[in-house]
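# below are the sequence and a predicted model for it; my questions follow.
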Protein chains: 2
Amino acid sequence: MRAEVSEVAFRLFAEQGFDKTTVDQIAAEAGLSRTTFFRYFGTKEEVVLGTLAEFGHEVAAALGARPADERPWDSLRRAFDMVTQVNADEPGQSLNVMRLLSDACALMTRRWEKTQGWQSVLVPEISRRLGGGPEPADDPRARALVASAIACLDAATDAWMASDGTTPLSVLLDRAMGTLSELSEQDLPGRPCAQADDQGSCGGAHASVRSSSPSS
Amino acid sequence: MRAEVSEVAFRLFAEQGFDKTTVDQIAAEAGLSRTTFFRYFGTKEEVVLGTLAEFGHEVAAALGARPADERPWDSLRRAFDMVTQVNADEPGQSLNVMRLLSDACALMTRRWEKTQGWQSVLVPEISRRLGGGPEPADDPRARALVASAIACLDAATDAWMASDGTTPLSVLLDRAMGTLSELSEQDLPGRPCAQADDQGSCGGAHASVRSSSPSS
DNA sequence: CATGATATGGGACTGAGTACTACTTCGCGT
DNA sequence: ACGCGAAGTAGTACTCAGTCCCATATCATG
């Protein structure tokens, strides 16, 4: 049922873009009312991200199944195998979802919300492995570890998309997470510093002041 | 001018919460029209996050000023000194903004958008230091590094807020980023694995299906 | 067949954000 | 001083997401 609606929605999103597609349109095409649509999907974004949500629990389960004496970072990497597996199995579909994600700003932020959900599920386990009790709340270590791992996953995913899925996600993820685990050994080719240039990301879409500078 | 409106808005947010405060209300109290409000602030969230935006460039500048032979991770840490400094200088105000941020889900996602902006500004510099040209696009290393550093900053910030600002942010940030740079040395007290428990985060607010399971 | 629970639809409402159209005010050149 | 254009501002109407409430249909059980 949800699947049916999703299918219709994805088609429409692909045809006209996420923002240009209204909920009414989806509901009409899928043969249900606006109201009913919102009973199934809390938000429009949920249609796209619905599947990603439960994934967090699967990753958490995979993490919990890792040997207790493994380094947390490695455990996280292995828990992510679940994700790389899916990408490897269905590259086409994954790529479509990814492209859709980068299309609409709103989707990106929702994606972030999902990963926040992942965090809250993974942090307790890492915190436990890291030593003490569940979590001292003012100890940022577990969160730092988990959030960084997810950040690596995101970076790898984006690179994967940028390469049109040619390089396996698992390889890119190894490279991303490996960079972090080699921090202390790292020594690099010296280079002069230079200016950083700006490129307005999704978040910069809204200019603070439209025309010119307002007088006080 | 923007400052005046911000002041009014912050007061209202503090009194009634972010979501319960409408733009009309802010505009009315600040003595300007809805239209004009949106000329100054593209969105309601912008009122809160306006200052955070430019911060990215300052951090990027600080990063660019670091010696070229410094390890990227350390450079990032030092670039963040700018942030910890502000928190140390005006703990009260920072704490207020933080609390506001965690109040409203919408604000959290916008905050994320801002950090996305930071990324796009910091990545080129790190990519440059990491070796080759500006960025090969399918190389996730620079992004992984920057995103992880920001993730550490976020983790530290949350811990700082959780501790009511008692522990200096710089200390927490050292702890967070230090955890990552000691990954390869890390060895931990063995412990049995256990079940991970779920706690619905902000993103989980929208249930996919309200009542029970719909029949197909 | 009656009854109650659940799924659905309709319609009204709020609130953010956009677009367009006036009105004002200020500065400038003649 | 007068007209004139530019810029800031307000008013208004609109779209769309999301919520709420109520009416109706469907289906199971007694």
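Good, I have the coordinates.

# going forward, measure contacts and count neighbours with C-alpha atoms only.
Fine.

# quick check, distance from the helix ranked longest in chain A to the centre of its chain.
Looking across chain A with DSSP state H, the single longest helix is helix A:105-129. Put simply, helix A:105-129 sits 9 Å off its chain's centre (Cα atoms, centre = their mean, to the nearest Å).

# is that helix positioned near chain B?
Yes: remark: helix A:105-129 sits within contact range of chain B at A:109-110, A:112-114, A:116-117, A:120-122, A:124-125, A:128-129, by Cα under 8 Å from any Cα of the partner chain.

# likewise stretch A:158-168?
Yes: interface with chain B: stretch A:158-168 contributes A:158-160, A:162-163 (Cα under 8 Å from any Cα).

# what is the nearest of the residues of helix A:105-129 next to chain B to B:Leu153?
Proximity of those to B:Leu153 (Cα to Cα) peaks at A:Gln116, which lies at 15.0 Å.

# hmm, back to that, so which of the residues of helix A:105-129 next to chain B sits lowest on pLDDT?
Comparing pLDDT over those, the lowest score belongs to A:Arg110 (75).

# find the nearest non-adjacent residue to that one, please.
Of all residues not flanking A:Arg110 in the chain, A:Glu45 sits nearest, at 7.0 Å (Cα to Cα, 6 or more residues apart in numbering or on different chains).

# what's the helix or strand for the one you found?
helix A:44-65 (DSSP states H and E).

# can you check A:Ala88 too?
Using DSSP H and E, A:Ala88 falls in helix A:81-89.

# do A:Asp19 as well
Counting by DSSP H and E, there is no helix or strand that carries A:Asp19.

# I'd like the distance between it and DNA strand D.
For A:Asp19, the distance to DNA strand D equals 7 Å [Cα to the nearest atom of the strand, to the nearest Å].

# now do the contacts for that residue.
By Cα atoms under 8 Å, 6 or more residues apart in numbering or on different chains, the contact set of A:Asp19 is A:Ala104.

# now with 6 Å?
Residues near A:Asp19 by Cα atoms under 6 Å, 6 or more residues apart in numbering or on different chains: none.

# backbone phi and psi for it, please?
Main-chain dihedrals, A:Asp19, degrees, to the nearest 10: phi -70, psi -40.

# local confidence estimate at it?
A:Asp19 is assigned 93 on the pLDDT scale.

# do the one 5 residues further on as well
A:Asp24 is assigned a pLDDT of 97 by the prediction.

# next up, the contacts around it.
Listed by Cα under 6 Å, 6+ apart, the contact set of A:Asp24 reads A:Arg34.

# so, in contact with DNA strand C or not, the host helix or strand of it?
According to DSSP H and E, A:Asp24 maps onto helix A:23-30. No: Helix A:23-30 does not reach DNA strand C (Cα under 7 Å from any atom of the strand); its nearest approach is 8.1 Å.

# just the buried residues of that helix, please?
A:23, A:25-27, A:30 (16 or more other Cα atoms under 10 Å in any protein chain shown).

# how far does it sit from the chain's center?
From the chain centre to the centre of helix A:23-30 is a distance of 27 Å (Cα atoms, centre = their mean).

# would you mark the buried spots in stretch A:121-138?
When burial is assessed from 16+ other Cα under 10 Å, stretch A:121-138 yields the following buried residues: A:121-130, A:135, A:138.

# quick check: angle from the helix holding A:Glu45 to helix A:23-30?
Interaxial angle, helix A:44-65 versus helix A:23-30 (axes from the mean of the first three to the mean of the last three Cα atoms, to 10 degrees): 80 degrees.

# packing partners of helix A:44-65?
Counting contacts by 3 or more Cα pairs under 6 Å, 6 or more residues apart in numbering or on different chains; DSSP states H and E, helix A:44-65 is packed against helix A:72-79, helix A:105-129.

# could you give me the average pLDDT of the next helix or strand after the last one?
For helix A:105-129, the following helix or strand on the C-terminal side (DSSP H and E) is helix A:141-162. With pLDDT averaged residue by residue, helix A:141-162 scores 94.

# and if you look at stretch A:43-61?
Summarised as a single mean, pLDDT over stretch A:43-61 is 87.

# can you list contacts of it?
A:6, A:79, A:114, A:118, A:122.

# that stretch close to DNA strand C?
No: figure legend: stretch A:43-61 not in contact with DNA strand C (Cα under 7 Å from any atom of the strand); closest approach 13.0 Å.

# so which bits of chain A are right by DNA strand C?
Residues of chain A lying near DNA strand C (Cα under 7 Å from any atom of the strand): A:31-37, A:39, A:206.

# which one (most neighbours) among the residues you listed?
Among these, the one with the most neighbours (other Cα atoms under 10 Å in any protein chain shown) is A:Phe37, at 23 neighbours.

# could you list the buried residues of stretch A:73-90?
Neighbour counts over stretch A:73-90 (16+ other Cα under 10 Å) mark A:73-81, A:83-84, A:87 as buried.

# tell me if that stretch is near chain B.
No: using Cα under 6 Å from any Cα of the partner chain, stretch A:73-90 never reaches chain B; the gap is at least 7.1 Å.

# now that stretch - C-alpha only, PDB.
Output of stretch A:73-90 as PDB, limited to C-alpha atoms (Å, rounded to 0.1, in the frame of the first residue of the first chain):
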ATOM      1  CA  TRP A  73      35.500   2.500  14.900                       C
ATOM      2  CA  ASP A  74      36.000  -0.800  13.200                       C
ATOM      3  CA  SER A  75      32.700  -2.100  14.500                       C
ATOM      4  CA  LEU A  76      30.900   0.900  13.100                       C
ATOM      5  CA  ARG A  77      32.600   0.400   9.800                       C
ATOM      6  CA  ARG A  78      31.400  -3.200   9.700                       C
ATOM      7  CA  ALA A  79      27.900  -2.300  10.800                       C
ATOM      8  CA  PHE A  80      27.800  -0.100   7.700                       C
ATOM      9  CA  ASP A  81      28.400  -3.100   5.500                       C
ATOM     10  CA  MET A  82      24.700  -3.400   5.600                       C
ATOM     11  CA  VAL A  83      24.400  -0.200   3.800                       C
ATOM     12  CA  THR A  84      27.100  -0.800   1.300                       C
ATOM     13  CA  GLN A  85      25.600  -4.100   0.600                       C
ATOM     14  CA  VAL A  86      22.300  -2.600  -0.500                       C
ATOM     15  CA  ASN A  87      24.100  -0.100  -2.700                       C
ATOM     16  CA  ALA A  88      26.000  -2.900  -4.300                       C
ATOM     17  CA  ASP A  89      22.900  -5.000  -4.800                       C
ATOM     18  CA  GLU A  90      20.700  -2.400  -6.300                       C
END
